[in-house]
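In: Let me see the structure of the following:
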Amino acid sequence: MRQVTGGGAADGTARGAGGVNLLALRSHNSALVLDLLRTAGPDGISRLELAERTGLTPQAVSKITARLREDGLAVEAGRRASTGGKPRTVLRLVPEAGHAVGVHLDRDGLRAVLADLDGTVVAERHTPLDLGAGAEAVLTRVAEVVGALGVPGVPGAAGRTGTADGAVRGLLGVGVALPGPLDHARGVLHRVTGFPEWDGFPLRDALTERLGAPVVVDKDTNAAALGLAVGGEGGGEGGSFAYLHLGTGLGAGLVIGGSVHRGPRTGAGEFGHQVVQLDGPRCPCGDRGCIEALCLDAVARGDTQEAARVLGTGAANLVGLLDIDRVLLGGRTVATAPDVFVRGVRAVLDARAQRTGDPPVTVRIASGGGGRGAAWPPAAGGAVAPAGGAEGTGGTGGTEGTGDAEGTGGAEGTGGATDGIAEGAAQLVLAPVFGRDDG
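Out: Alright, predicted model coming up:
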């Protein structure tokens, strides 16, 4: 069981707010049991079933579940009839026993979510952001937004509806996703396309100090791909897919054999900077004829079909190189015309399949990848907007600024689309808790 990257206690366990030894995850076996509790849902699972499915002895399962109950992570969920003997006691996960924050830093906006152990979003904030405003301004804004989620110990932390003391229980850490290139292992940014001033900045360490919590940093497309893989979007365990994200830029998250593929330098997935036209338009990366430049130029001209065709050409290159099972599309630009992009990419891939004799590759919009339309980013000057709940029912750009149940309200801004990146960023913290080694 891999500990949460980027922080934690000296003994390798994750500590929540107030110094509580939240998980005490001492072995991979504990992670296996936790994952089965999570997937069993509210109906729960018996100790005997846990032993059968993990291959552990009943005694080992009893010790692990006793520890999880002691830590408040599992509770009894009643009894279930058995084929013989007395009814079995079933256990279930306590999702609210732990939380993770996921932050998506885009070039012009910030979206943050608070997710419980199930990955369910229980609070959300979004706000305009200029990634080129400088490190201090960006770090301050991140701290404000994370604090607004109710995370204790962060300057500006506000109470959150639904907890007895208004604070988040058991914060495991903060996952941060933003455009690359960057070094995931060290949490250091490289020359972020369009923002070279971030080159060499130790974002993980800077935010860990600012927030007082463990921080994990990754590329936005990797975070999205991880979230999709955890949610079963990749065709189940061992599946391979590419998540292509076309928003303010173009990148890819790759899941190969069920795990996110980053490469030794987190360089995998720089999909947008394949050169496909030697004398093409200049790209912000400094090269010419990159797929990103061609796609965004076509979008700027209003030629969405051409943008889809170019995106399909890049997707066909990926399929030929990696033999992936499916292509998932997302991002705010795709959200403006999802059917056009799916048809355009599928046409190129189907033509390739006819030439090679290979089976067609599935192409579709990723779950959450379509966003909520063109409302993102919030309008300039918009205040931090809550996800909703009991606090109000304002719509997009409502003067109340309180948000609806889907998090589309904004105090002065307009709402925020969701492309799954903030949720995936939270999984950078949560996935290792349940035994995934690619979080």
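In: For D279, give me its contacts.
Out: Counting by CB atoms under 8 Å, 6 or more residues apart in numbering, D279 touches 288-289. Where you see a C-beta, it was placed from the backbone N, CA and C, and this is true even at glycine.
In: quick check, it in a strand?
Out: No. Judged by DSSP: H, G, I helix; E, B strand; the rest coil, D279 forms no part of a strand; its state is coil.
In: got the phi/psi numbers for it?
Out: The phi and psi torsions at D279 (degrees, to the nearest 10) take the values phi -110, psi 30.
In: And it, how close does it get to H126?
Out: Relative to H126, D279 is positioned 40 Å away (criterion: CB to CB, to the nearest Å).
In: Ok, R352 next?
Out: Here R352 is placed at a distance of 38 Å from H126 (CB to CB).
In: again with D297
Out: When distance is defined by CB to CB, D297 is 28 Å away from H126.
In: Counting neighbours, go ahead and name the busier of those two.
Out: Using other CB atoms under 10 Å as the criterion, D297 and H126 rank with H126 on top: 33 against 16.
In: for the chain, what spans make up the helices?
Out: 28-40, 47-54, 58-70, 135-148, 203-211, 220-230, 291-300, 304-322, 332-336, 338-356, 421-433 (DSSP state H).
In: Pull out the C-alpha coordinates of the shortest one and format them as CSV.
Out: Translated: helix 332-336. Extracted in CSV, the C-alpha atoms of helix 332-336 (Å, rounded to 0.1, in the frame of the first residue of the first chain):
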residue,chain,number,x,y,z
ARG,A,332,-14.7,23.0,-22.4
THR,A,333,-14.1,23.3,-26.1
VAL,A,334,-15.4,19.7,-26.7
ALA,A,335,-18.4,20.7,-24.5
THR,A,336,-19.4,23.4,-27.0
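In: what's the spacing between that helix and its chain's center?
Out: Centre-to-centre, helix 332-336 and its host chain are 18 Å apart (CA atoms, centre = their mean, to the nearest Å).
In: Could I get the buried residue list for it?
Out: 332-336 (16 or more other CB atoms under 10 Å).
In: go on, the fifth one?
Out: Of the residues in helix 203-211, those scored as buried under the neighbour-count criterion (16+ other CB under 10 Å) are 203-208, 210-211.
In: ok, and the closest non-adjacent residue to V33?
Out: The shortest distance from V33 to any residue other than its chain neighbours is 5.0 Å, reached at I64 (CB to CB, 6 or more residues apart in numbering).
In: Quickly note the distance from that neighbour to T362.
Out: To T362, I64 is 38 Å away according to CB to CB.
In: more neighbours, those two?
Out: Between I64 and T362, I64 has the larger neighbour count (other CB under 10 Å), namely 24 against 14.
In: Pull the contacting residues for that one.
Out: Residues in contact with I64 (CB under 8 Å, 6+ apart) are 29-30, 33, 56.
In: at 7 Å what do you get?
Out: By CB atoms under 7 Å, 6 or more residues apart in numbering, I64 lies in contact with 29-30, 33.
In: Equivalent analysis for A293, please.
Out: 280-283.
In: If we only consider those residues, which is nearest to R191?
Out: Lowest distance from R191 to the contacts of A293 (CB to CB) belongs to C283, with 12.8 Å.
In: What count of nearby residues applies to that closest one?
Out: By other CB under 10 Å, 23 other residues sit near C283.
In: Please apply the same query to the one 5 residues further on.
Out: For R288, the neighbour count with other CB under 10 Å is 14.
In: Surely P338 touches I365?
Out: Yes. In this structure, P338 is within contact of I365 by CB atoms under 7 Å, at 5.1 Å.
In: what's the average pLDDT for stretch 128-145?
Out: Computed over stretch 128-145, the mean pLDDT rounds to 95.
In: Okay, buried residues for stretch 349-356 please.
Out: 349, 352.
In: Repeat that for stretch 270-282.
Out: By 16+ other CB under 10 Å, the buried positions in stretch 270-282 come out as 270-274, 280.
In: Mean confidence (pLDDT) on that stretch, please.
Out: Averaged over stretch 270-282, pLDDT sits at 91.
In: And for stretch 59-78?
Out: Average pLDDT, stretch 59-78: 93.
In: so what's V142 up against?
Out: Contacts of V142 by CB under 7 Å, 6+ apart are 103, 110, 207.
In: Tally up the residues packed near the first one, please.
Out: Other residues within reach of V103 by the criterion other CB under 10 Å amount to 27.
In: burial of D303, as a residue count?
Out: Counted with other CB under 10 Å, residues neighbouring D303 total 13.
In: can you pull out the strands in the stretch 151-300 of the chain?
Out: 171-178, 182-183, 188-189, 215-219, 241-246, 250-256, 259-260 (DSSP state E, counting those that start in this stretch).
In: In this protein, what helix or strand scores lowest on average pLDDT?
Out: Counting by mean pLDDT, DSSP states H and E, the chain has its least confident helix or strand at strand 385-386, which shows a mean of 40.
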